[in-house]
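# how would this look folded up:
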Amino acid sequence: MCIRDSSQTITYGLFAARTRSNKEFNRELAFKYIPHTIGILRDVFRFISLEDPPKSLGVIVDDIAEVLQVTDVKKILHDYFVEGKGKDPIIHFYETFLASYDPETRERRGVYYTPEPVVCYIVKAIHSILKTHFNLHDGFASSQVTVLDPAAGTLTFPAEAIKLAMNEFISKYGKGGKNNFIKSHLLPHFFAFELMMAPYAIGHLKVSFLFDELGYHLSDDERFNLYLTNALEMEDLSQTEIPGLGSLSEESHLAGKEKKEQPLLVIMGNPPYSGISANTNNWTEKLLKQD
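Numbers count the residues shown, from 1 in each chain. Just a heads-up that it's a prediction; the model follows:
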């Protein structure tokens, strides 16, 4: 992870931690509010919160935490998601920010978010095709459906599919079984891969808040199946010696298991918008050159 990715990840991680804190918040407490199942972020914040980071880093993180302590972050997100002041503010957390902060990385990695109306159209079209062409009358809510976004960014496509599946389930079967529906279908059957650490952190923040709004609170041993991985790589990462990133290899192993073993019915989303990608590897190069 480069310095820019690290700084963005720490900032978004602090924001995510703050949304889970109802009272006091500071650098030392941030680690407490990072979900146990997101090992990479916990590694980062274990180092920042509980160990001995460089003094300059500690000062900066303390400043950010102090601002977040006096900010009603839940009200901000609630105003957008529930009261209609904006459909999805988190879609702008990364791509819009990156356009000003680091346009070179934005161009090199092809980080351009898909407009919400386009996302809604594509997801609704898939939902309809599942019903009409595959005889899955509940669309995304059908128990046979498994979904992957291989270049998920901040989870715009999976989030829309989750909302559509929930609406379909509730309209047909009522609200009584929605928690079981989330546990038995949405959490085990929806998957996403993301290559860059910052949108990965934002994606976990986004889906956690989405489930909160649906009335389901992820427990410490639950996570959405968003993995930090290169969708085009099949080999697991070896154990890293980088301080604070010991869980990278475990994340890679979990992602690799899904790549090799998980049957998928729906692959959706938009790939990175880049004519000349920085994301290359031997496997894809050989595949492209085959006759």
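
# Only C-alpha atoms from now on, for both contacts and neighbour counts.
Fine.

# What's the first helix or strand after the one helix or strand residue 7 maps to?
If you go by DSSP states H and E, residue 7 is part of helix 3-19. Going down the chain from helix 3-19, the next helix or strand is helix 27-30, by DSSP H and E.

# Extract the C-alpha set from the following helix or strand past that next one and format it as CSV.
Toward the C-terminal end, the helix or strand that comes next after helix 27-30 (DSSP H and E) is helix 39-50. Coordinates of each C-alpha in helix 39-50 appear next as CSV, following Å, rounded to 0.1, in the frame of the first residue of the first chain:
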residue,chain,number,x,y,z
GLY,A,39,-8.9,-8.3,9.6
ILE,A,40,-6.9,-5.9,7.3
LEU,A,41,-8.5,-2.8,8.8
ARG,A,42,-8.1,-4.2,12.3
ASP,A,43,-4.4,-4.8,11.6
VAL,A,44,-4.0,-1.2,10.5
PHE,A,45,-5.8,0.2,13.5
ARG,A,46,-4.2,-2.1,16.0
PHE,A,47,-0.9,-0.5,15.0
ILE,A,48,-2.4,3.0,15.0
SER,A,49,-4.5,2.7,18.2
LEU,A,50,-2.6,0.3,20.4
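
# where does residue 219 land in three-state SS?
coil (DSSP: H, G, I helix; E, B strand; the rest coil).

# all numbers from here: first residue = 535
Okay, residue one is now 535; in that scheme the one you just asked about reads as residue 753.

# What score does it have for pLDDT?
If you check residue 753, the pLDDT there is 84.

# now residue 585
Per the predicted model, pLDDT is 86 at residue 585.

# swap in the one 3 residues further on?
Each residue has a pLDDT score; the one for residue 588 is 87.

# For the chain, give me the ranges with low pLDDT.
Counting by pLDDT under 70, the chain shows low-confidence ranges at 535-539, 611-647, 769-780, 805-815, 817-819, 821-822, 825.

# tell me the centre residue of it?
residue 737 (2.3 Å; Cα atoms, centre = their mean).

# Give the burial count for the residue lying closest to residue 798 once chain neighbours are set aside, as a bare number.
Nearest non-adjacent residue to residue 798, counting by Cα to Cα, 6 or more residues apart in numbering: residue 680, 5.1 Å away. Applying other Cα atoms under 10 Å, we find 20 residues neighbouring residue 680.

# give me phi/psi at residue 680?
Backbone torsions of residue 680, given as degrees, to the nearest 10, read phi -120, psi 140.

# Just to check, it is in contact with residue 792?
No - using Cα atoms under 8 Å, residue 680 is not in contact with residue 792, being 11.4 Å away.

# mind listing what the spatially closest residue to residue 548 that is not a sequence neighbour touches?
Nearest residue to residue 548 in three dimensions, chain neighbours excluded: residue 564, at 6.4 Å (Cα to Cα, 6+ apart). Contact analysis of residue 564 by Cα atoms under 8 Å, 6 or more residues apart in numbering lists 548, 551, 552, 579, 583.

# Is it correct that residue 682 falls within a strand?
Yes - applying three-state DSSP, one finds residue 682 inside a strand.

# these two touch, right, it and residue 722?
No - the criterion here is Cα under 8 Å, and residue 682 misses it with residue 722 at 11.4 Å.

# between those two, which one's more packed in?
Legend: neighbour count by other Cα under 10 Å for residue 682 and residue 722, higher for residue 682 (24 against 14).

# Contact partners for residue 671?
Residue 671 neighbours (Cα under 8 Å, 6+ apart): 664, 665.

# So it, which state does it fall into?
Going by three-state DSSP: residue 671 is coil.
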